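Enquirer: fold the following, please.
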Amino acid sequence: MIRLNFRNTIASLATLSCLVTAGSALATDAYPSRPVTIVVPYPPGGTADNLARVLAKGMSDRLGAGIVISNKGGAGTVIGTQSVARSDPDGYTLLWTATPLAINPTLVEDLPYDTLRDFTVVSDIAETGLVVVVNASSPIKTLDGLVNELKTSEESTYASAGAGSSPHLVSELLLHETGGKAVHVPYRGSAAAVTDLVANRTTFMFDTPLLMTPLIKDGKLRPLAQTSAERSALLPDVPTMTESGHPGLNATSWFVIAAPSGTPKDVLEKLNKAINDALADPAIIEVYAAQGMAITGGSVEKAQAKLEREIKTWALAVKVSGAKAQ
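Expert: Numbering: from 1, shown residues only. Predicted coordinates:
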């Protein structure tokens, strides 16, 4: 018969528990002990990729560890996003993403991940509003003039960067709120869409101030209003939607960094601090401002709450547009 010394057993278990706890604390304190990968669900070379790389350098300097950018574009960001959703929640695989994180839950049928269940937003990064423009030769001079046109004309059209894009969905929100009508003319990207607007083949278009500002300055397009809460530094003389009497049309395109759900809170806080410290760097602020982006930053809680609001906002836009991912 085997007799157990319960006093010694309990003491041994207590010692083991302390060792495990201490080991876990040391492991967390050591984070990051190896390079961190940031998945960018866009091809290399575009605005999203370039801004991610600028911030990654600033984060790396502050974390004291290397950061690797991994471009996994395709399927409207779904491929890269799914890869992060399936990653270990240890802080070593992160997602740099944009507005489609909030649009896709409604736009994409059978999305292979649940955005709110599978991700925690580490930090908001930056945002830009959209600006609605018409051809410079158009008789439409103001947002109210455009709304009147949309209510009375049977021939109004609007261009967008493609079905399900934020310019498309904001256009549909405008029509929904004002009771206007216009035919959607989708293009494969913003460049082709704005080319036809300059050629006066469509009535109006929403897109970023970065894209529109050179054409506005050249006298080819006329800006009417912008969808951000505050005026863009690129277009300081263009009123916001709220200033123009349409507060329900505030909308932005944005970037965030997210982690798989279950990532330890203290790891999230370390990452959040590194991100916000980097975003306070004047050199990084200057790069973002040149792209028309306003730095946002903030806490994990603020970023997560924003994502929840954005999913609701874009769900309405997708519903009224009838858009579905191709």
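
Enquirer: low-scoring stretches of the stretch 201-326 of the chain, by residue?
Expert: For the stretch 201-326 of the chain, the stretches with pLDDT under 70 are 326.

Enquirer: just the strands in it please.
Expert: 204-207, 221-226, 252-260, 294-295 (DSSP state E, counting those that start in this stretch).

Enquirer: got TSV for these, with mean neighbour count too?
Expert: Every residue, glycine included, has its C-beta placed from N, CA and C. Converted to TSV, those look like this (neighbours: other Cβ atoms under 10 Å):
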stretch	mean neighbour count
strand 204-207	28
strand 221-226	24
strand 252-260	24
strand 294-295	18
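
Enquirer: reformat these as CSV; add distance to N135.
Expert: Output for these, formatted as CSV (distance: least, Cβ to Cβ, whole Å):
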stretch, distance to N135
strand 204-207, 9
strand 221-226, 7
strand 252-260, 23
strand 294-295, 28
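
Enquirer: for V84, which of these is the nearest?
Expert: For the strands of the stretch 201-326 of the chain, the distance to V84 is smallest for strand 252-260, at 6.2 Å, taking Cβ to Cβ.

Enquirer: by contact count, what packs against that closest one?
Expert: Judged by 3 or more Cβ pairs under 8 Å, 6 or more residues apart in numbering; DSSP states H and E, the packing partners of strand 252-260 are helix 47-63, helix 78-85, strand 93-98, strand 119-129, helix 265-279, helix 300-321.

Enquirer: what's the angle from that strand to helix 300-321?
Expert: Regarding strand 252-260 and helix 300-321, their directions subtend 120 degrees when assessed with axes from the mean of the first three to the mean of the last three Cα atoms, to 10 degrees.

Enquirer: quick check: can you name the pairing partners of strand 252-260 and their directions?
Expert: Applying DSSP bridges, strand 252-260 is found paired with strand 93-98 (antiparallel), strand 119-129 (antiparallel).

Enquirer: partner residues bridging the residue minimising distance to the centre of the chain?
Expert: A centroid search over the chain (Cα atoms, centre = their mean) returns A98, at 2.4 Å, as the residue closest to the centre. A98 forms beta bridges with F255, as assigned by DSSP bridges.
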